[in-house]
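Engineer: sequence unknown, structure follows:
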């Protein structure tokens with residue numbers, strides 16, 4: 001009578017699973033190496049019109065495609081290639097120019113190429129002047145980053161500080177307003193920014209005009225010096241220039257619509273409605 005074969009079957013199944021995991025890890029390593037080589041060989045000054053022409057990971061490419069982002073705007077075509085190569089960026093770009101993707105794509109890609117995980121902590125910090133703009137940025141991040149495994153959070157005023165504290169330690173990417181972020185840095189003991197790789201200052205001129213210069217200066221003091229920084233501003237004032245000197249290292253200057261008289265593109269359509277209060 002033959003002995004039961006269940007033991008042999010379970011061992012074979014286990015071996016098959018281990019072989020599959022090993023093969024997947026090998027493919028992942030090869031994919032990362034291939035992607036890094038493509039980024040190294042990228043001509044950052046070349047004219048690039050479509051996202052498909054950029055060396056992007058499969059998760060980011062799929063996120064862009066499913067969100068119907070195919071063609072790069074002027075600021076994206078100038079900033080993204082440089083940022084993918086790790087350059088600091090000083091960008092002069094208006095509202096509605098597409099600058100949100102100009103920094104979100106490099107954030108996702110640079111963390112992906114470093115194989116960033118939840119255990120690595122906070123990898124990217126994106127600072128916005130207002131709650132409304134921070135929410136918009138976060139929604140775009142959720143759309144194009146849906147196929148990544150990064151954890152992302154939104155830290156803005158008007159929400160429970162305790163709830164934010166409980167989640168901070170698990171976040172890889174944070175979108176925030178300056179005052180709220182500084183509050184956590186000062187009051188949340190477990191909040192660690194030592195591993196931060198990327199800092200984004202969006203609409204820096206508005207951040208400063210709204211009186212957040214002291215907060216931003218204090219935030220910069222908390223952050224590691226070795227990081228990549230991207231600063232975008234619709235106007236280049238003396239305050240913005242001073243902030244750029246403090247936060248950027250040998251930045252690449254990216255400018256679009258410099259000659260225009262308005263800080264908003266003329267083709268941007270804006271709508272509003274008037275409602276009566278109860």
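Structural biologist: Received it, and whenever you're ready, just let me know what you need. Bear in mind the structure is a predicted one, so any value in this text is a computation, not a measurement.
Engineer: Check the chain for its longest strand and report it.
Structural biologist: Ranked by residue count, the top strand of the chain under DSSP state E comes out as strand 228-233.
Engineer: Beyond that strand, next helix or strand please.
Structural biologist: On the C-terminal side of strand 228-233, the nearest following helix or strand under DSSP states H and E is helix 238-247.
Engineer: buried residues in that next one?
Structural biologist: Neighbour-count burial for helix 238-247, counted by 16 or more other CB atoms under 10 Å, picks out 239-240, 243-244, 247. Any C-beta I mention is one placed from the backbone N, CA and C, and that applies to glycine too.
Engineer: Run a quick neighbour tally on the nearest residue to residue 212 once chain neighbours are set aside.
Structural biologist: Nearest residue to residue 212 in three dimensions, chain neighbours excluded: residue 178, at 4.2 Å (CB to CB, 6 or more residues apart in numbering). Using other CB atoms under 10 Å, residue 178 has 23 neighbouring residues.
Engineer: quick one: pLDDT of residue 17?
Structural biologist: pLDDT for residue 17: 65.
Engineer: ok, now residue 235?
Structural biologist: Note on residue 235: pLDDT of 89.
Engineer: Run a quick neighbour tally on it.
Structural biologist: 14.
Engineer: Any chance you could list what contacts stretch 66-77?
Structural biologist: 47-52, 64, 80, 91, 93, 97-99, 101-102, 105, 140, 143-144, 146, 254, 256-257 (CB atoms under 8 Å, 6 or more residues apart in numbering).
Engineer: same thing with stretch 227-244?
Structural biologist: 79, 83, 86-95, 99, 102-103, 106, 110, 196-206, 208, 213, 216, 247-249, 251, 263.
Engineer: Look up how far residue 229 lies from residue 126.
Structural biologist: Here residue 126 is placed at a distance of 11 Å from residue 229 (CB to CB, to the nearest Å).
Engineer: joint contacts of these two?
Structural biologist: residue 200.
Engineer: And the two? Which one has more around it.
Structural biologist: Set residue 126 next to residue 229 and count neighbours by other CB under 10 Å: residue 126 wins out with 26 against 21.
Engineer: Contact partners for that one?
Structural biologist: Residue 126 sits next to 103, 107, 134, 137, 173-176, 200, 202 when contact means CB under 8 Å, 6+ apart.
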